[in-house]
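S.K.: model the structure of this input:
(2 chains)
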Amino acid sequence: MNRAPGRRLTAAALTVVALATGTTACSSGGSSSAKGEDSGTFTIWDPYPQFAKDSAWAKLLDDCGSEAGIKVKRTAFDTSDLTNKVLLAAQQDNSPDVLIVDNPVVSTLAEAGVLTTTDDNKLDTSKADPNLLAAGQSGGKTYGTPVGANTLALYYNKEVLKEAGVDVASVKDWKSLTAALAKVKEAGKKGITFSAIGTEEGSFQFLPWFWGAGAELTELDSAQGESALALWSDWLKKGYAPNSVINNTQTTSWQEFAGGEYAFAENGTWQLANAEKAGFDYGVLPIPASGGGNAAAPTGGEFVTLPVQGDTGRYATSQKLVSCLTSTENLYATDTTLSYVAPTTEVQDKQVAADPKLKPWVEAVKAARGRTSDDLGTKYPKISEQLWKAVQSALSGAEAPKDALAAAQDAVK
Amino acid sequence: MNHTTHPPDHTVRERTGAATAAPPPARTAARRRPTSQQWAAWAFLAPVTLYLVLFYAYPLYRNLDLSLRDYTVRSFVQGNAPFTGLENYRKVLDDPTFGPALVHTVVFTAVCLVFQYAVGLALAVFFNQHFRLSATLRALFLVPWLLPLIVSASTWSWMLNSDSGIVNSLLSVVGVDPVHWLTSPEWSLTSVIIANIWIGVPFNLVVLYSGLQSIPHSLYEAAALDGANAWRRFWSITLPLLRPVSAITLLLGLVYTLKVFDIIWIMTKGGPADASTTFATWSYRLGFGNLLPAFGPGAAVGNLLVVAALVFGLVYLRVQRKQAMA
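M.R.: Numbering: from 1, shown residues only, chains lettered A, B, ... in the order given. As a prediction, the model looks like this:
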């Protein structure tokens, strides 16, 4: 007896559901150009949530906006969030006017058709260093201009090395570096820390060694690649590097180094300000290649890009805005606040003149390689994922370096 | 809001594409002239239905749609991804990660459930004794539940750090070699299970404790008079009478545990390699953890999880109905 009204209600509910679904599906098409109407306000998305409204960076954006005669609306995202946010916005035809984005993402967004080329948006990229610009190029087109660059090098703790009796000038190749680590360990200190976590950061940190061995991303299981991975896993086995590197982000790895027990740490330009605060005397050394000389490290840092707009008339103003942001004067200010190396020789010289400590970093940036360069483009993310997995398998002892890399190469194909 | 308050006969005419959604009873109801009572019913129904559609039905539909199309970043933006049927599911099933992820999901869920329930029940029975300070202590046990997951997971990850974690330094005091809790393929799954059990116990404790309150005390007194010892009373009174509460606790626990993501992601990122990857973390990694998102396969894995939870939900309903009939 009780059942009947209940069932009728359910049926009615289902009808309403069906109707409402139909209506929402129809209405979603109409509300696309929510932002386009306001021609006086330009939107900028950046991955710098650490900069608040009153920061120098936010002020610079406002100033460049008023110079171009427009109002700037800035939104900062966490960098790992930004790719998907941009894809979703593009899907809804709601892209920002100016997008500042991590360099390996540029080729993915270009592949998605989200970004305009420099042919369309008339951005001047002639001053940027070609090795940095390469990360933003694919298929012969350029999709933006670098706003600043960073890369990896070895920080070392002078006090620890002195105690262990290591002369840092003797560290020239992998052999001498490993010997130095052995001495440090004998002296009761800790060797080296880096980040081998199972994300893009892990691949980023492994690449200088991978490239320094002469390996190429197109062939993960080469003998050179194996030697690079064997170097890392031997360090772990011998206790020169802590087991925690497998789970270290670059930040946690830095915290280990900042504790003052470690002789070396592989980390980036952006830690310079923290190094000054660490409370011990530190130095910076380019990452050595296996047989001597400097290894190519991957370039980090962001690109300024102009996403595709429904109203193509907006590009001219956006271009003015970006030209202001990347003018020599403003680049200098921006890269100083970001603790980045500038992408143009002119500004780099200015930076070194102001702070001689930046010299090894400028050299490292000049020798650096883009991860998506060499027309790897959107192939890179897949290769990178397999690479970090292989690194994790080898370091955790699950697989020998050779087998891990062979499996990785298989999975990429 | 407007459209939902249209008279029902209007809705029946309009929903041509979704004929299956309205079974015949609605039609007969619609043909009669709506009484004011029915109008009121519709008005009451509208907000919740709209809410359900917008926030549950539509995302679910989108997820299903994502998993059935071949989305690249380009077709995601342009919205012209070709329909590929079950291709994404085939891809996911063939992936070398599928096997380990399935095993880890099953082990993670089963072990967590068993321990959370057992420990939760033991504590509930213990606190049911109403000794002095029992209320305070019980409240303290809720702390893991109240802490934000990012705090508890980060804390666990510090404690279990191979080199500087407190657990390993305690182990070294008693002469045990350090264990690579988070960084060895043998231990990483165990570590996240331990952390998740710790987080899940309070929920079980609270629900089971309130279940215990509804068992009449006279039963225990009668059993004691009959000479049943505590052990016997637990197995013959507590556990059988707690069965409905246990069932719902386990079912909710199952759904929560299946989809556990934050703890694993914060502690190990599913690593090293795939050693602690479950379906939840795998789905996230496919969709968001890479520079080049694979939306299709990511959605497919997510849907497999939804289906698994649904199956257990239906099993629960069936069992419950059987119990009600009996």
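S.K.: so where do the helices sit in the stretch 151-300 of chain B?
M.R.: Here the stretch 151-300 of chain B has its helices, by DSSP state H, counting those that start in this stretch, at B:166-173, B:188-213, B:217-225, B:230-233, B:239-241, B:243-258, B:262-268, B:279-288, B:295-325.
S.K.: the fourth one packs against which elements?
M.R.: The criterion is 3 or more Cβ pairs under 8 Å, 6 or more residues apart in numbering or on different chains; DSSP states H and E, and the helices and strands that helix B:230-233 contacts are helix B:217-225. (Glycine included, C-beta is placed from N, CA and C.)
S.K.: now whatever helix or strand B:Tyr51 lives in: buried residues?
M.R.: According to DSSP states H and E, B:Tyr51 maps onto helix B:36-52. By neighbour count on 16 or more other Cβ atoms under 10 Å in any protein chain shown, the buried set for helix B:36-52 is B:38, B:41-42, B:45-46, B:49-50.
S.K.: before we move on, what about stretch A:48-66?
M.R.: Applying a neighbour-count criterion of 16+ other Cβ under 10 Å, the buried positions in stretch A:48-66 are A:48, A:51, A:57-58, A:60-61, A:64-65.
S.K.: nearest to A:Asn243, of these?
M.R.: When these are compared for distance to A:Asn243 (Cβ to Cβ), A:Tyr48 wins out at 33.2 Å.
S.K.: rewinding a little: contacts for whatever helix or strand comes next after the helix holding B:Tyr51?
M.R.: Using DSSP H and E, the helix or strand that follows helix B:36-52 towards the C-terminus is helix B:58-67. With Cβ atoms under 8 Å, 6 or more residues apart in numbering or on different chains as the contact definition, helix B:58-67 has outside contacts at A:21, A:24, B:88-89, B:295-300, B:302-303, B:306.
S.K.: try 10 Å
M.R.: A:20-21, A:24-25, A:28, B:52-53, B:71, B:76, B:81, B:83-84, B:86-89, B:92, B:287, B:295-304, B:306 (Cβ atoms under 10 Å, 6 or more residues apart in numbering or on different chains).
S.K.: ok, stretch A:218-228 next?
M.R.: Stretch A:218-228 has contacts (Cβ under 10 Å, 6+ apart) with A:174, A:206-217, A:229, A:290, A:295, A:374, A:376, A:379, A:383, A:386-387, A:390-391, A:394, A:400-412.
S.K.: now the buried members of the contacts of helix B:58-67.
M.R.: With neighbours counted by 16+ other Cβ under 10 Å, those contain buried members at A:20-21, B:53, B:71, B:76, B:81, B:84, B:87-89, B:92, B:287, B:295-304.
S.K.: in the stretch 1-150 of chain B, which spans are helices?
M.R.: Using DSSP H, counting those that start in this stretch, the helices assigned to the stretch 1-150 of chain B run over residues B:8-14, B:24-31, B:36-52, B:58-67, B:73-78, B:87-94, B:98-127, B:134-140, B:143-146, B:149-159.
S.K.: for those, give me CSV that also has distance to B:Asp226 and mean pLDDT.
M.R.: As requested, the helices of the stretch 1-150 of chain B are exported to CSV (distance: least, Cβ to Cβ, whole Å; pLDDT from 0 to 100):
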stretch, distance to B:Asp226, mean pLDDT
helix B:8-14, 60, 41
helix B:24-31, 53, 49
helix B:36-52, 50, 90
helix B:58-67, 53, 92
helix B:73-78, 69, 84
helix B:87-94, 56, 92
helix B:98-127, 20, 94
helix B:134-140, 27, 87
helix B:143-146, 38, 87
helix B:149-159, 45, 92
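S.K.: using JSON lines, lay out those helices together with distance to A:Glu159.
M.R.: What follows is these, written out as JSON lines (distance: least, Cβ to Cβ, whole Å):
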{"stretch": "helix B:8-14", "distance to A:Glu159": "78"}
{"stretch": "helix B:24-31", "distance to A:Glu159": "80"}
{"stretch": "helix B:36-52", "distance to A:Glu159": "62"}
{"stretch": "helix B:58-67", "distance to A:Glu159": "55"}
{"stretch": "helix B:73-78", "distance to A:Glu159": "48"}
{"stretch": "helix B:87-94", "distance to A:Glu159": "52"}
{"stretch": "helix B:98-127", "distance to A:Glu159": "44"}
{"stretch": "helix B:134-140", "distance to A:Glu159": "45"}
{"stretch": "helix B:143-146", "distance to A:Glu159": "41"}
{"stretch": "helix B:149-159", "distance to A:Glu159": "26"}
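S.K.: to A:Ser138, which of those lies closest?
M.R.: Judged by Cβ to Cβ, the one of these that comes nearest to A:Ser138 is helix B:73-78, at 12.8 Å.
S.K.: buried stuff in that closest one?
M.R.: Counting neighbours by 16+ other Cβ under 10 Å, helix B:73-78 gives B:73-77 as buried.
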